[in-house]
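Student: Got a predicted structure here, sequence first:
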Amino acid sequence: MIQVRSAEERGRTDWGWLDSRHTFSFGDYRDPAHMGFKSLRVINDDRVEAGAGFGTHGHRDMEILSYVLEGALEHKDSTGGGGVIVPGEIQMMRAGTGVTHSEQNHSKVEPVHFLQIWIVPDIRGLAPAYGQRTFDREAARRSFVLLASKDGRDGSLQVQQDVDLWMSLIGKDEGREFRHRPGRHAWIHVARGSVSVNGTALREGDGAAVSGEDRLAFLGQKPAEVLVFDLA
């Protein structure tokens, strides 16, 4: 079964310097029908104006991933972790027992467009941690590339939850197949472009909850950037 969460149905926060679309309930956007999917709690599609950003604020007991689509995002946190991420990189902050951080558009002239992803950990009270890695976008044009996993295999970021985060770049009329173990679930997020998945059309910003389908056949409708969360 594939259940689509269309881009137009998402919540929205518009603070002028920030235009954010919320796949799941977040902040002032309250949506009891969309509180997450399995351990995936937040996907925020954020656009931040040049020179602006989120001031220092706190989190705890959450695995927070940042994935940049355009521009550059600067991160600083109370563990000493920090860096600038651009397309082709992914960043993880483990909030654990508590951490404060800020996120700013690194550019004074260009906007930044990124996804903020929250995953609920399977253990609370962990020590905070930070990680950042580059991934192979050319490999992503041929297959799915692993960005994050519980065991940190293949150079992926390690997250404290039974989830694998994959991404792929799929050209127009290109096919791609994704298989996961029986009994698992998936959340698909189309970051850019459009695809069909097992015949179901998904456009930019759309998400889809998948259960009971171990094989996902992707076909590019427009050049697409796709994230797949393989979830217990």
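Tutor: That came in fine, so what should we check first? Numbers count the residues shown, from 1 in each chain.
Student: just checking, V68 touches E110?
Tutor: No - at 11.9 Å, V68 does not count as touching E110 under the criterion of Cβ atoms under 8 Å. For glycine as for every other residue, the C-beta is placed from the backbone atoms N, C-alpha and C.
Student: Name the residue in these two with the higher neighbour count.
Tutor: When V68 and E110 are compared for neighbours, V68 comes out ahead with 20 against 14, by other Cβ atoms under 10 Å.
Student: Surely that one is within a helix?
Tutor: No - looking at V68 with DSSP: H, G, I helix; E, B strand; the rest coil, it is strand, so not inside a helix.
Student: For it, give its distance to D173.
Tutor: Distance, V68 to D173, using Cβ to Cβ, to the nearest Å: 27 Å.
Student: Would you mind measuring the gap between the ends of stretch 6-25?
Tutor: Using Cα to Cα, to the nearest Å, the end-to-end distance of stretch 6-25 comes to 14 Å.
Student: That stretch: which residues count as buried?
Tutor: Neighbour-count burial for stretch 6-25 flags A7, R10, G11, L18, D19, S20, R21, H22, T23, F24, S25 (criterion: 16 or more other Cβ atoms under 10 Å).
Student: mind listing what the first one touches?
Tutor: Okay, so that is A7. Counting by Cβ atoms under 8 Å, 6 or more residues apart in numbering, A7 touches R21, R203, E204, G205, D206.
Student: go again using 6 Å as the cut-off
Tutor: G205, D206 (Cβ atoms under 6 Å, 6 or more residues apart in numbering).
Student: Could you do the second one as well?
Tutor: With contacts defined as Cβ under 6 Å, 6+ apart, the neighbours of R10 are R21, H22, T23.
Student: Could you count how many residues lie near the spatially closest residue to R153 that is not a sequence neighbour?
Tutor: Closest residue to R153 apart from its sequence neighbours, by Cβ to Cβ, 6 or more residues apart in numbering: L146 at 7.1 Å. Neighbourhood size, L146 [other Cβ under 10 Å]: 17.
Student: Parallel or antiparallel, which strands does the helix or strand L146 falls within pair with?
Tutor: Element membership of L146 [criterion: DSSP states H and E] is strand 145-149. With DSSP bridges as the test, strand 145-149 is paired with strand 157-158 (parallel), strand 163-170 (antiparallel).
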